[in-house]
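Visitor: Coordinates only, no sequence provided:
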């Protein structure tokens, strides 16, 4: 039996406003526990929420970037449940009158994933479990610094059809949010979290199957892996004629499996009701449109422009716009060294490689657009060879030095002086008589070997094209 | 006449002229507490030392020639569900018996130059109308110690009525300032919803609660209201409307005004004393040139039902924060959080509070939401519409504060009686309207009777003016 | 309107209240009485009437995104029943069964 995979994703994103959504406490990360709290975010008696305008602005911005309709009237609701990280035993969220609905994200394969809604809510505090394992802990410790940070929850339609699409959706979502600068979107810091819902149904059926909700997904890759596991698990169940249970499942990164947490059949009765302490939110259309006018060029549009303006293929363009900072870096470099395809290759291959291995983002690295442009000029005018260029780039990356400085200090200038080269060629040929014989006998590899020897002797500095030419001429004379 | 028997506006004059000091006034009031409170039980915590410190400070500032507000140095009692920094704020509950807030309510910040003589008793978490459900002790009516002072602000009302404070702050969710004011023979005012900040007042029902003054006379109530009213960055439901001088038009009379008498309320089963005072009030107002007109509030009878559903729903959510995690009572030796929640909350809350929490939980539950909570909110709008309509026909309404006289301590009211009593006061909370209870003399048995005025949104000035006029007829109730 | 002791226990659990002895039966009776009384509102026609959440028709007032320091760690923890390393300590967290 062939099954269709149906996936929906719920993503929570922390907004990087300076103060929390309903109180004026700082949202700064990494402070002493319980040092950024007030009577409100501690759930103390008599404390009341007052809405942070910036949170509404950021939420509106993000929603517009996702193509949503913004509702000029919305209200907040209380979601009531008991948990030690929830100081008032209710979360202020939005229920049936959210800020925004009906957006979309387009994927490379052409599939368009609907965004059902975007709504605002408050973050809960942070629990630390003794031994880091909630199931075995004897006690837990609560820090409410995080309590009350403004969140948006972005819910997708169940339009995602594979674990790979899910990963791509997340990457695109993250890129869009980064561009709007409303969040740091760092899963490892908790500013972006994802829960996944997945069910299977017979191919061709329009009726939804029973879904499982997956939690504890700490990276995009984890999301993909967990969903792959679930596809397997649910397929096997259904093939055997068994039922999939509607439940919450916990992803175990180390073991690579999901396991049942609790039955979703016994759904919580959250007793939602409109938050009486927050009056209705009424937004002016003109305010919304003003925010729309300040939206930056979003990834999709930027990629299209890169293709058009710089003649880049779609794949390259989309890779470069994946992070706003990277796209900015690329364009700045091109403005200083107007060879867009050349720059694109260097950025996509060399720069990304260096960033990945050092686990840095471009904006954190010491490499500048000016630096890269400078380096590419040196390669273009023959001062150094391409391969030396890669070495210099690495050094620039580590130290932030100017390329010219590095080349000079390390004596890396390409040797293009004909006389000098001829001298070295003569030495190499004299030292390798067998290769000369091989060359004369028509063995093509011999030439390459000799070039290699020249390179070795010059520590890679010999101008490869010139070396080839001169060596060829020299050998002919032998 | 003893100092503790005088009104705040009179004492204010004496203080300003330095005929008396804040210190001696405070000492006088504290002595009265010392004398009476073991019997009356108006206070949970007496804060004598702190009060004297404030009084000292006021005297020093005055000596320096500083210009001080009218109420500086006036001894104040505050209901113990209003947070006071560094002073236990218990809500008359075991749940918060040891809770010392690190912050003060906004209204307290505004009254920092009034010596706080003590935190006054209330029904636990403000849920009740007799102060008997306080976890610590009941409060007695100063006019008859065998009777209740009313509730939930029974402590503040009894304190003002007995000279244990010159004025007080209470809270009113369904009549909790007005009814005890009526039972104790003092003035109680529930402001328009959004007139006074609720920050620091422990929430019972968020869309109904207001903090308000309890005072000896109308002028005092006006003074205290003015001191506490106004916008607050910590409460998003407070109006930005400017706070007027509430005393300005106090004495300007009622000539030409229309006073509405809602027929549904007058048709309730009312004690003879209440009916008598209503008739007297009507006569006096007409004699002063006002016109009394009959109006109708057709959906009045549903007000108590609507109130109980909405108030308990909101309360069930507001009281969920009392879970033993961050402050308040935590049960001992709980192996896990589920046990901790169940034990702590069962030990911390009294039966009335538990009942209302469960009622509210039901009203909000998935099955019941539409028929109970949401339906109640719709009927609420109808009730509010009735009031709005009536204000097109009159300037303010005259009706009973409550249907009867203060019951005996320990006497359980029949549900029907208690709903009828509730009806008189809850509708003003539902509609967010300002309402005032004015002492209108004594019954034959020597028990105070109060009458109520309800006005349109932000029309406290109208209420105060009519109340002042009636006060000239009924006089003040003496502090013994 | 009848609320059974069984239903009362469910409500109590939702509200994290433990009931002992006859409490379930007693509360059930009281709840039934109050709810029966409130049922009279069912007879009113409220078609076309919006629920009234807020007593006055106004819109929310928002605040600027400015940080205002509030409580110190010491103040925040001053009323804590149990604390450790600057955090509130709670026993093992378990979900409702």
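Guide: That came through, no problem. In this text the structure is predicted, and so the values were computed from the model without any measurement.
Visitor: Contacts only, for the closest residue to chain B within chain A.
Guide: Residue of chain A nearest chain B, by C-beta to the nearest C-beta: residue A:89 (3.4 Å). To be clear about C-beta, it is placed using only N, CA and C from the backbone, and glycine gets the same treatment. Residues counted as contacts of residue A:89 (C-beta atoms under 8 Å, 6 or more residues apart in numbering or on different chains) are A:43, A:80-83, B:317, B:320-321, B:323.
Visitor: quick one: which of the residues you listed is most hemmed in?
Guide: With neighbours taken as other C-beta atoms under 10 Å in any protein chain shown, the top of the contacts of residue A:89 is residue B:323, carrying 28 neighbours.
Visitor: pretty sure that residue is in contact with residue B:344, am I right?
Guide: Yes - the criterion here is C-beta atoms under 8 Å, and residue B:323 meets it with residue B:344 at 6.7 Å.
Visitor: Surely residue A:154 and residue A:8 touch.
Guide: No - judged on C-beta under 8 Å, residue A:154 makes no contact with residue A:8 at a distance of 11.1 Å.
Visitor: Flag every residue of the stretch 351-480 of chain B that's near chain A.
Guide: B:361, B:364-366, B:369, B:373 (C-beta under 8 Å from any C-beta of the partner chain).
Visitor: overlap between those residues and the residues near chain C?
Guide: Filtering those for proximity to chain C by C-beta under 8 Å from any C-beta leaves B:361, B:365.
Visitor: Would you format the residues of the stretch 351-480 of chain B next to chain A as TSV with neighbour count and distance to residue A:469 included?
Guide: Compiled in TSV, those are given as follows (neighbours: other C-beta atoms under 10 Å in any protein chain shown; distance: C-beta to C-beta, whole Å):
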residue	neighbour count	distance to residue A:469
B:361	27	89
B:364	26	86
B:365	19	87
B:366	11	83
B:369	18	86
B:373	22	89
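Visitor: and which of the residues of the stretch 351-480 of chain B next to chain A is nearest to chain A?
Guide: Closest approach to chain A among these (C-beta to the nearest C-beta): residue B:364, at 3.9 Å.
Visitor: I figured that closest one hits residue B:313, correct?
Guide: Yes - with contact defined as C-beta under 8 Å, residue B:364 counts as touching residue B:313 (5.1 Å).
Visitor: what touches both of those two?
Guide: A:273, B:373.
Visitor: Angles on the backbone of the spatially most central residue of chain C, please.
Guide: The centroid of chain C falls nearest to residue C:15 when counting by C-alpha atoms, centre = their mean (6.7 Å). Main-chain torsions, residue C:15, degrees, to the nearest 10: phi -90, psi 10.
Visitor: cool, the one 3 residues further on as well?
Guide: Main-chain dihedrals, residue C:18, degrees, to the nearest 10: phi -90, psi 140.
Visitor: Quick check, pLDDT for it.
Guide: Listed pLDDT for residue C:18 reads 97.
Visitor: Enumerate the residues of the stretch 1-150 of chain A near chain B.
Guide: Residues of the stretch 1-150 of chain A lying near chain B by C-beta under 8 Å from any C-beta: A:39, A:42-51, A:78, A:80, A:82, A:84, A:87-90, A:142, A:144.
Visitor: what sits against the residue in chain C sticking out farthest from the centre?
Guide: Within chain C, residue C:66 marks the point farthest from the mean C-alpha position, 30.9 Å out by C-alpha atoms, centre = their mean. Applying C-beta under 8 Å, 6+ apart to residue C:66 gives the contacts A:18-19, A:24.
Visitor: burial of residue B:292, as a residue count?
Guide: Neighbour number of residue B:292 under other C-beta under 10 Å is 16.
Visitor: I meant residue A:155, not that one.
Guide: Counted with other C-beta under 10 Å, residues neighbouring residue A:155 total 19.
Visitor: helix/strand/coil for the residue of the stretch 1-150 of chain B found nearest chain C?
Guide: For the stretch 1-150 of chain B, the residue closest to chain C is residue B:102, as judged by C-beta to the nearest C-beta, at 4.0 Å. Assigned by DSSP: H, G, I helix; E, B strand; the rest coil, the conformation of residue B:102 is coil.
Visitor: so who does it touch?
Guide: A:39, B:85-86, C:71, C:75-76, C:78-79.
Visitor: all helices for the stretch 201-350 of chain B, in order.
Guide: For the stretch 201-350 of chain B, the helices defined by DSSP state H, counting those that start in this stretch cover B:218-228, B:263-266, B:272-287, B:303-318, B:337-348.
Visitor: what's near enough to touch residue 93?
Guide: I went with chain A, as the question did not name one. Per C-beta under 8 Å, 6+ apart, neighbours of residue A:93: A:76-79, A:119-122, A:153.
Visitor: actually it's chain C I care about, not the one you picked
Guide: By C-beta under 8 Å, 6+ apart, the residues touching residue C:93 are A:83-84, A:127, A:129, A:134, A:137, A:140, B:336-337.
Visitor: of all those residues, which comes closest to residue C:40?
Guide: Using C-beta to C-beta, residue A:83 comes nearest to residue C:40 of the contacts of residue C:93, at 37.3 Å.
Visitor: got a list of what the closest one touches?
Guide: Counting by C-beta under 8 Å, 6+ apart, residue A:83 has contacts A:89, A:124, C:93.
Visitor: In chain B, which residue sits closest to chain C?
Guide: Closest point on chain B to chain C, by C-beta to the nearest C-beta, is residue B:432, at 2.6 Å.
Visitor: For that residue, grab the count of nearby residues.
Guide: Residue B:432 - counted by other C-beta under 10 Å - has 25 other residues nearby.
Visitor: Touching, it and residue C:58? I think so.
Guide: No - using C-beta under 8 Å, residue B:432 and residue C:58 do not qualify as a contacting pair, with a distance of 10.3 Å.
Visitor: what do the two both touch?
Guide: Common neighbours of residue B:432 and residue C:58, using C-beta under 8 Å, 6+ apart, are residue B:194.
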